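[1] everything below, folded, please.
(chains A and B)
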There are 2 protein chains.
Amino acid sequence: MSLPVSPLAPASFPKMTPLGGVRLAVGACGVRYKERTDVLLVELAPGATVGGVFTRSKTASASVLRCRAHLPGGAARALLVNSGNANAFTGARGVAAVDRVVATAANVLGCAEETVFTSSTGVIGEPLPDGKLTAFLPTLKERLDADRWEDAARAIMTTDTFAKGSVRTARIGGATVRIQAIAKGSGMIAPDMATMLAYVFTDAKIPAPVLQALVAEGAERSFNAITVDSDTSTSDTLLAFATGHARHAEVEAADDPILADFRAAFDAVLIDLAHQIVRDGEGARKFVTIAVGGAQNDVAARKIGLAIANSPLVKTAIAGEDANWGRIVMAIGKAGEAADRDRIAIAIGGVEIARDGEAVPDYDETPVARHMKGQEIDIAVDVGVGTGAATVWTCDLTHGYIDINADYRS
Amino acid sequence: MSLPVSPLAPASFPKMTPLGGVRLAVGACGVRYKERTDVLLVELAPGATVGGVFTRSKTASASVLRCRAHLPGGAARALLVNSGNANAFTGARGVAAVDRVVATAANVLGCAEETVFTSSTGVIGEPLPDGKLTAFLPTLKERLDADRWEDAARAIMTTDTFAKGSVRTARIGGATVRIQAIAKGSGMIAPDMATMLAYVFTDAKIPAPVLQALVAEGAERSFNAITVDSDTSTSDTLLAFATGHARHAEVEAADDPILADFRAAFDAVLIDLAHQIVRDGEGARKFVTIAVGGAQNDVAARKIGLAIANSPLVKTAIAGEDANWGRIVMAIGKAGEAADRDRIAIAIGGVEIARDGEAVPDYDETPVARHMKGQEIDIAVDVGVGTGAATVWTCDLTHGYIDINADYRS
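    Got it, this is the predicted structure:
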């Protein structure tokens, strides 16, 4: 199944250039797809640190479990990602496949197994043909090159309709460092699990515990604040690698003032990638920003925001270009968090259409109707009980989603 | 918008006959709809008891709040329900409207306000034209009749495609008693909130605290075990009334052995009504039963079942007649309850297609494919950690759902 590029896609893949300490290689080893690349090897120079967060699924895949086990070491030398097969729900055979892939990668690259990180994305429940990957590793090693970033983003795609990347620079003390990242994901498409994968690389020198804190906190405001269809892959993975090839003053803690600019850039990269995943949501025709305020606390605000963002009724109303605030009230109510029914305020496209728990009498519908016809929809909600705030992002729910997901498995 | 009758509808409305202590009247008072009934008055003879449960929404409607306030009294003389306007998100005006309706009903029927229960269902955010209701009450009183059950079920419909009713008889000691119930609901349709309303009547003599226990426990295994689209109305109401007109031995507690048969019949009525609501789900073409076993406890089992039932990916796969067990595994994982990835078993239509965390090699796809083409889909899941079990029910997610919900508000 080949899908047209999402109407919400960015104009182009961002310009990426070599980043000190990172070399990449891609290949077509025929895991499942024909005539396209399906494997990515990233080699990190000695000394690189790593941080990561993973799916909260209780049925996490074998590679996620192995990555989690390697993470406390804090060191990374290799990242190997295949598309076409998720190696999920493959039982003991799946675990053995990951073990063989990790062992071979460590052997080929001459590094410790604990520094090898792997992800698999694609069809589930079928044994990973790991022999195809391991046999291809020496070739990949020969192909390692500092300038293969867009190819890397393409090799990890499954049913994504566009390659996803993000670049930012930041200052640490007097030095300039760079952050380059790639990601894939577009909801969950048959027969794939449409795992969300994101890999962030920087030449900054960030101790592993600091990097881990940046990843964990940044994920809360980005990947954990988006939803396409509320479904959760067994393989979702966000990993960040810091090579330390840039020269700058020592960084000691995540809240070190010297890290403020880097941290802002790092968060911006995560949010950019998260937005791109929503923009590639299955059948998406509108990108929706939901800002919640007045909640008991920030966690409650995000929960309310996700209840709105996950509501099929809200999402279909947006698809129908209908400023249906009643469904928003309904979703606020079902979130289970404190809200004052008689103080709720809702604005769409900047126009307040409900206030103090009632429709605003005779609000001007013209700008609201115009806003609903656009591709970027802004919903702001105040639930009237506190100062907690959060922003979440989603897309609309259209016939395209049904078309894609109700197809027979090929 | 007039919708064709759901393909999953029962063949006909059940035969209902007069029930001691209950009289009903319907009318067309023009709340919103033209040329159809939109108000139901039920008069209960003195001595009737009441039990009820309501939406868990934090933005519950004014009539729900008023019913909750009346419930501790345990006595009911009147039920007044209007369709066409939900009186939800109408602020202080909505509260005042309920107050006027309750006061007038109590006055017209000559009963205490605390014995009057009301519900409103229909469009939200518009003031309830309660004057139309109160002016019509004397006429309704004159029309009270013991034999208007199907008319009652029709008067409370909003976007339902068929009227919903259920009847059972039961033995209490040597006596036969009857339970007759009506309900409405079909998901949530613009511009309506498509509130779920259910009213159960019996001529048995059940003390209010016992009735309350029966309702609360029965709702867990019926209305709280169904989902169409995971969305929650601000007005969901389940009320049960017992007139005590039947002669039978005294009932003292919900777990009184003399009540065992009644209790089973009562539960069966709730489950029947709950199933009918799912069968009228927006765009539904398949009725899906999901039985979860092997969970840590029954509550965990139901949470896993609802995660499967609410997953857009599972629901679209069923719409596509695809036995996509991978999405079921995904949904198990996202429920957040304990599950042993490597012991999960899944059967569809009675055929085990996954076992011990892996696809069953070479299972016979023919009967599974045939099952998926039917209207009644059975999914059984064992998550391999305990003995908790639960059954939940849902429908598929089709283009019909999008058609209905992405329409512009009229």
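[2] from what I see, residue A:97 and residue A:126 are in contact.
    No - at 11.1 Å, residue A:97 does not count as touching residue A:126 under the criterion of CB atoms under 8 Å. Any C-beta I mention is one placed from the backbone N, CA and C, and that applies to glycine too.
[3] show me where chain A has its helices.
    Using DSSP state H, the helices of chain A run over residues A:62-70, A:91-109, A:130-143, A:149-155, A:208-220, A:260-279, A:298-310, A:312-319, A:325-334, A:365-373, A:399-405.
[4] any idea of the mean pLDDT in the last one?
    Mean pLDDT, computed over helix A:399-405, is 85.
[5] coming back round to it: quick one: the helices of chain A as TSV, columns for distance to chain B and mean neighbour count too.
    Output for the helices of chain A, formatted as TSV (distance: least, CB to the nearest CB, whole Å; neighbours: other CB atoms under 10 Å in any protein chain shown):
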stretch	distance to chain B	mean neighbour count
helix A:62-70	9	21
helix A:91-109	4	19
helix A:130-143	16	18
helix A:149-155	23	23
helix A:208-220	17	20
helix A:260-279	15	22
helix A:298-310	8	23
helix A:312-319	4	27
helix A:325-334	3	26
helix A:365-373	10	14
helix A:399-405	4	22
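[6] now do the shared contacts for residue A:97 and residue A:126.
    Residues touching both residue A:97 and residue A:126 by CB atoms under 8 Å, 6 or more residues apart in numbering or on different chains: residue A:90.
[7] and chain A, what are its domains?
    Chain A breaks down into these domains under automatic domain parsing: A:22-279, A:287-405.
[8] to residue B:261, which of those domains lies closest?
    When the domains of chain A are compared by CB to CB, domain A:287-405 sits nearest residue B:261, at 36.0 Å.
[9] next, the distance between the ends of the closest one.
    Terminal residues of domain A:287-405 are spaced 20 Å apart (CA to CA, to the nearest Å).
[10] from the chain's centre, how far out does it sit?
    Distance of domain A:287-405 from its chain centroid, counting by CA atoms, centre = their mean, to the nearest Å, is 22 Å.
[11] check stretch A:129-148 too.
    25 Å.
[12] could you do stretch A:33-46 as well?
    In terms of CA atoms, centre = their mean, the centre of stretch A:33-46 is found 19 Å from the chain centre.
[13] buried residues, that stretch. List them.
    Neighbour counts over stretch A:33-46 (16 or more other CB atoms under 10 Å in any protein chain shown) mark A:33, A:37, A:38, A:39, A:40, A:41, A:42, A:43, A:44 as buried.
[14] also stretch A:233-249?
    For stretch A:233-249, by 16+ other CB under 10 Å, it's A:233-246, A:248.
[15] you'd agree residue A:164 is up against residue A:280?
    Yes - Residue A:164 is in contact with residue A:280 according to CB under 8 Å; the separation is 7.3 Å.
[16] between those two, which contacts overlap?
    The contact sets of residue A:164 and residue A:280 overlap at residue A:185 (CB under 8 Å, 6+ apart).
[17] can you put the domains of chain A in CSV and add distance to residue B:370?
    What follows is the domains of chain A, written out as CSV (distance: least, CB to CB, whole Å):
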stretch, distance to residue B:370
domain A:22-279, 20
domain A:287-405, 22
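[18] out of those, flag the one nearest residue B:345.
    domain A:22-279 (11.7 Å).
[19] gap between the two ends of that closest one?
    Domain A:22-279 stretches 28 Å from its first residue to its last (CA to CA).
[20] do stretch A:16-34 as well
    Terminal residues of stretch A:16-34 lie 27 Å apart, using CA to CA.
[21] mean pLDDT lowest where, among the helices of chain A?
    Mean pLDDT is lowest for helix A:399-405 among the helices of chain A, at a mean of 85.
[22] OK, contacts around the residue of the stretch 151-300 of chain A found nearest chain B?
    Taking CB to the nearest CB as the measure, the stretch 151-300 of chain A has residue A:232 as its residue closest to chain B, at 3.8 Å. Taking CB under 8 Å, 6+ apart as the criterion, residue A:232 is in contact with A:55, A:56, A:57, B:330, B:333, B:334.
[23] which of the residues you listed lies closest to residue B:143?
    For the contacts of residue A:232, the nearest to residue B:143 is residue B:334 (51.3 Å; CB to CB).
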